[in-house]
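**Q** quick one: sequence plus predicted model below, questions after.
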Amino acid sequence: MTPFLDALSLLLVYSAIAIYAAAFVAYTLHLARRASTPAVPVTARVPVTAGATRTTDPNLAGTPPTPAPDTTPAAAVPGGGRGAGKAARVGFALTVLGWVFHLAGVVLRGVAADRVPWANMFEFSLTGTALIIATFLAVSLRVRLAYLGSAVLGLTVLLLGVATVSFYVPVVPLMPALQSGWLVIHVLVALLATAFFGLAFLVSLTYLLTTRRRGRPSRLTRLRDSLPGPEDLDRLAYRLTIVGFILWTFTLIAGAIWAGRAWGRFWGWDVKEVWTFIIWVLYAGYLHATATRGWAGTRAAWLCIVGFAAVLFNFGVVNVFFTGLHSYSGL
Amino acid sequence: MRVSIRSEQAPQLPADHVDRPVDEPTNPRLSVSGWARWAWRQLTSMRTALVLLLLLAVAAIPGSLIPQRSSDPNGVIQFDKTNPGWMWAVDLLQLHDVFGSVWFSAIYLLLFASLIGCVIPRIRHHLTALLAPPPATPRNLSRLPAHTRRVLPDTPPGAVLDAAEKALRRQRYRTRRVRGDDGRDSVAAERGYLRETGNLLFHVALLAVLVVVGVGGGFRFTGQRVLVEGQTFASTRIAYDSFTAGRFITDTQIPTFSLTLDRFRVDYVLDNVNALGMPKTFDAQVTTTTGGTRQASSIRVNEPLSVAGTDIYLLGNGYAPTLTVRNPAGKIVFRDTVPFLPQDANLTSLGIVKVPDGLAEQVGLVGMLYPTRATTASGAFASSYPDLLDPVVTFNVYVGDLGLNTGVPVSVYALDTSTLTQIAGRGTPTPALQLVPGTPVPLPDGLGTIELGPIPRFASLEIAADPTQTPTLIAAVAAMAGLALSLFVPRRRLWVRTTTGRRGGTVLEVAGLARGDDPRLQPTVDTLATRLTPTPTPPRGGSDDPVP
Ligand code: HEM
């Protein structure tokens, strides 16, 4: 039974990858369409986050009239540009569909293993990417994120590809060291934090793209002009990061408690512990940067990117190439 | 980037600073105290904290790349052996001890000094802010980040302000009525003091963690002990294989109890071809005796056992073959269970036997145990399964000075072969000894015989008492709670002002200012304005309208 479910799970994951790839194409088309529309003035852009600080008031005589909808491509549909909205909707629908397959694959893997499906590198990647997409979809419900779809789906397809090609291992039971309730909560929260950090990373990249000095008008500058303004991106990256940071703080504390139960000490500067600490300190630095003149904005965005690079390093390099007490890669 | 109260003042100061003149960076006078004050101000600035945080992150990296004495002693030995040319740098920079090194400590001590210097004035300001009424209404509300304006044709200004005050109070705003010098009346309101409280709680709790961990080390002790099935150990300082205790631990504080390892049970995976032979359960079944009461319990990897104020952890396990050495006359000169240290997942294990007395020469043996014998292509032995299906032990034999009488303590798990001569095993004409249970094998040169007996398992246990666990946990949880408050509680100031319109009626203005990121600011302002705008009541009909 187990090998059958395992194979079925893998099949579902392959299907999810294919659907995600299609969604990636749709979202990329969406970006291209956005870029094909002439630039619009900054003021006409619709903020990405709800409740930004508008001062226009329709009740007030003498206020400049709100620009007519047809001059504000960004306002028309998520995105703007001819067909851009449609491409974004197709991308969104495909992402949801892919995620259903993905989730089914994760669940079946858990059923096959008769435990939570996050106990080795393959399963970390599987569950982690499912959480990235889930977070993307959840945030999309509150904030317009179509411009990020291409990047999110691209990253997910890449990670899932690496996972299935390089990290795949057949289902095996838990080694005694992992048989603990803390596995369920500590690892799940760590993966969720990673999902939030990952989205914040992509938003920060977009931020850097939009704040680069403008060159001659080209498709790229037009694309840039169709993206949300830097303030909105900065704010979104911050809000994603604080959620990730709280979750990471919890991960760190829960990990220490677990280490105390399993090894008789909270903290021993094991390689994995060192990197968890480094990541935590980097993001604490990011939070201070956002509140420090001269560091807010571009430098903070860079810190957010460095932070996520450290997360990836902790996952992809430390797990595989370093020896320590946390040798659970299963490779 | 985010519009906030904070961004308008010295960055390290909280929102409550609005009412205080901003410290201008002044050129220090060249007095000692001037310099000191200047240095202190630099140290406690947010920018310094930020740089120190980043420095701390970078400083931790070598601790993950180079093996650390505390977490990976074998790696340290290996590293030193392969990089002799770098030893001077390693020693100079304490690279095997990064987290206790002078430079790492300097960074975090500076950071915490900065933190203290930063937090104390903030606590003072926050206490003042907690007691102070909301700040007066700014002259020009439309300049604030969130603002709205409505015209109420029929409502008198006073009634609007009363309603505003009531509504804000109900939403747990602190309010006050303000009469401006220009005669315009308004309500000032503030909420979310918990945001700064949480932030301060977080930073103070971090300090608490550091203090508890630092001071608490003096009250901690840990001891390791390897116990073979059937053996009993009574907890006294000398009974431990290794023992580390804090400064304030005296021998009398080591709890007395005894512990017998009755059986060490291992379950292997048998029903999954991909994990055949993987251990499913390690279960040390023990009997403890404390103050005359005996109790049978079990210790597992994630389930330590609490005995007499200590926690006992299962850290490792392996095999301890029983070995008997006889002299040529058949007299037993050595008989013991010798723990062999596992080298791989199939429990190929390495063990050392030292026979100092009773034979013609001192004899040292370096042995490998293969629990389930397999032969590799090159003819060498290997183990193909971790359980004892077909055990074999091989020995290289050395004679000479074992170095036991020099007074320097030597590890029982290592054999210094520099003063010994090898007489059997790889590199000598005599092949290594091969032992299977129950059959004595002659030692080379007619030294005697050696026999492999039963092979029990051993458990390697850690016995630890750490009174700092609970305080550390409390501080960590407080830090996290403070963090959540500080990141998610919105701190807002709202102002409601009414003026008489040019064409009569009341002009209502509502404006808001937030500390930090607050996506709900404008919606809050709009909602409040809408609440204060009476919905146009349908015109009353004639008196003939039936009123139910
Ligand atoms: C041990 C070193 C420190 C760590 C790990 C740390 C961590 C943090 C974190 C995670 C935050 C974000 C949560 C929040 O807004 O409350 C924060 C905020 C803050 N920290 Fe620290 N901090 C440290 C040292 C300092 C120091 C030395 C200062 C003073 C210069 C300081 C001043 C502040 C201020 C003013 C905020 C609020 C910023 C805002 O409202 O966004 N911190 N700190």
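**A** Okay, I see it.
**Q** only C-alpha atoms for contact and neighbour calcs from this point on.
**A** Fine.
**Q** how confident was the prediction at the residue of the stretch 251-400 of chain B found nearest the ligand?
**A** Closest contact between the stretch 251-400 of chain B and the ligand, by CA to the nearest ligand atom, is at B:N302 (29.6 Å). B:N302 is assigned a pLDDT of 90 by the prediction.
**Q** OK, contacts around A:W263?
**A** Contacts for A:W263 (CA atoms under 8 Å, 6 or more residues apart in numbering or on different chains) come out as B:301, B:313-315.
**Q** neighbour-wise, which of the residues you listed leads?
**A** B:Y313 (27 neighbours; other CA atoms under 10 Å in any protein chain shown).
**Q** which strand residues bridge it?
**A** Assessed by DSSP bridges, B:Y313 has beta-bridge partners B:E462.
**Q** I figured it was touching A:G260, is that so?
**A** No: the pair B:Y313 / A:G260 is not scored as a contact, 9.5 Å apart, by CA atoms under 8 Å.
**Q** overlap in contacts, those two.
**A** In contact with both B:Y313 and A:G260: no residue, using CA under 8 Å, 6+ apart.
**Q** what's the burial count for B:T530?
**A** 13.
**Q** counting contacts, what elements does the helix or strand containing it pack onto?
**A** Assigned by DSSP states H and E, B:T530 falls within helix B:521-532. Here helix B:521-532 touches strand B:146-152, helix B:157-170, strand B:506-515, going by 3 or more CA pairs under 8 Å, 6 or more residues apart in numbering or on different chains; DSSP states H and E.
**Q** pLDDT on the longest one, on average?
**A** Helix B:157-170 shows an average pLDDT of 90 in the prediction.
**Q** got the buried residues for the helix or strand that comes right after it?
**A** Using DSSP H and E, the helix or strand that follows helix B:157-170 towards the C-terminus is strand B:174-179. Judged by neighbour count (16 or more other CA atoms under 10 Å in any protein chain shown), strand B:174-179 contains these buried residues: B:174-178.
**Q** equivalent analysis for stretch B:113-127, please.
**A** B:113-119, B:122-123, B:125-126.
**Q** with pLDDT added, can I get the residues you listed in a markdown table?
**A** Converted to a markdown table, the buried residues of stretch B:113-127 look like this (pLDDT from 0 to 100):
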| residue | pLDDT |
| --- | --- |
| B:A113 | 93 |
| B:S114 | 93 |
| B:L115 | 93 |
| B:I116 | 93 |
| B:G117 | 92 |
| B:C118 | 90 |
| B:V119 | 93 |
| B:R122 | 93 |
| B:I123 | 95 |
| B:H125 | 93 |
| B:H126 | 94 |
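**Q** show me which of the residues you listed neighbour the ligand.
**A** Residues shared between the buried residues of stretch B:113-127 and the neighbourhood of the ligand are B:114-115, B:118 [CA under 6 Å from any ligand atom].
**Q** looking at these, spot the one nearest the ligand.
**A** Using CA to the nearest ligand atom, these come closest to the ligand at B:L115, 3.3 Å.
**Q** list the contacts of the closest one.
**A** Listed by CA under 8 Å, 6+ apart, the contact set of B:L115 reads B:44, B:49, B:203.
**Q** and A:F136, helix, strand or coil?
**A** Secondary structure assignment for A:F136 (DSSP: H, G, I helix; E, B strand; the rest coil): helix.
**Q** dump the residue contacts of it.
**A** Neighbouring residues of A:F136 by CA under 8 Å, 6+ apart: A:145, A:152, A:199.
**Q** who in chain B is up against the ligand?
**A** For chain B, the residues found near the ligand under the criterion CA under 6 Å from any ligand atom are B:12-13, B:44-46, B:49, B:111-112, B:114-115, B:118, B:199, B:483, B:486-487, B:516.
**Q** what's the residue of the stretch 251-400 of chain B at minimum distance from chain A sitting at in phi/psi?
**A** With CA to the nearest CA, the shortest gap between the stretch 251-400 of chain B and chain A falls at B:N302, namely 4.6 Å. Main-chain dihedrals, B:N302, degrees, to the nearest 10: phi -100, psi 10.
**Q** pull the number of nearby residues for the nearest residue to it once chain neighbours are set aside.
**A** Sequence neighbours aside, A:A262 is the residue nearest to B:N302 in space, at 4.6 Å (criterion: CA to CA, 6 or more residues apart in numbering or on different chains). Neighbours of A:A262 under the rule other CA under 10 Å: 23.
**Q** doesn't A:A262 fall inside a helix?
**A** Yes: remark: A:A262 belongs to a helix, assigned using three-state DSSP.
**Q** do I have it right that it meets B:V301?
**A** Yes: counting by CA under 8 Å, A:A262 does reach B:V301; the two are 5.8 Å apart.
**Q** quick check: neighbours shared by those two?
**A** Going by CA under 8 Å, 6+ apart, residues that sit against A:A262 and also against B:V301 are A:177, B:313-315.
**Q** the lowest-mean-pLDDT helix or strand in chain B and chain A in contact?
**A** Lowest by mean pLDDT, DSSP states H and E among the helices and strands of chain B is helix B:32-43, with a mean of 80. No: shown here: helix B:32-43 not in contact with chain A (CA under 8 Å from any CA of the partner chain), separated by at least 13.8 Å.
**Q** the helix or strand that that helix is followed by: how far from the chain's middle?
**A** Next in sequence after helix B:32-43, counting helices and strands by DSSP H and E, comes helix B:46-60. Put simply, helix B:46-60 sits 19 Å off its chain's centre (CA atoms, centre = their mean, to the nearest Å).
**Q** averaged pLDDT, the helix or strand that helix B:46-60 is followed by. What do you get?
**A** The C-terminal neighbour of helix B:46-60 among helices and strands, as given by DSSP H and E, is helix B:62-65. Helix B:62-65 shows a mean pLDDT of 91.
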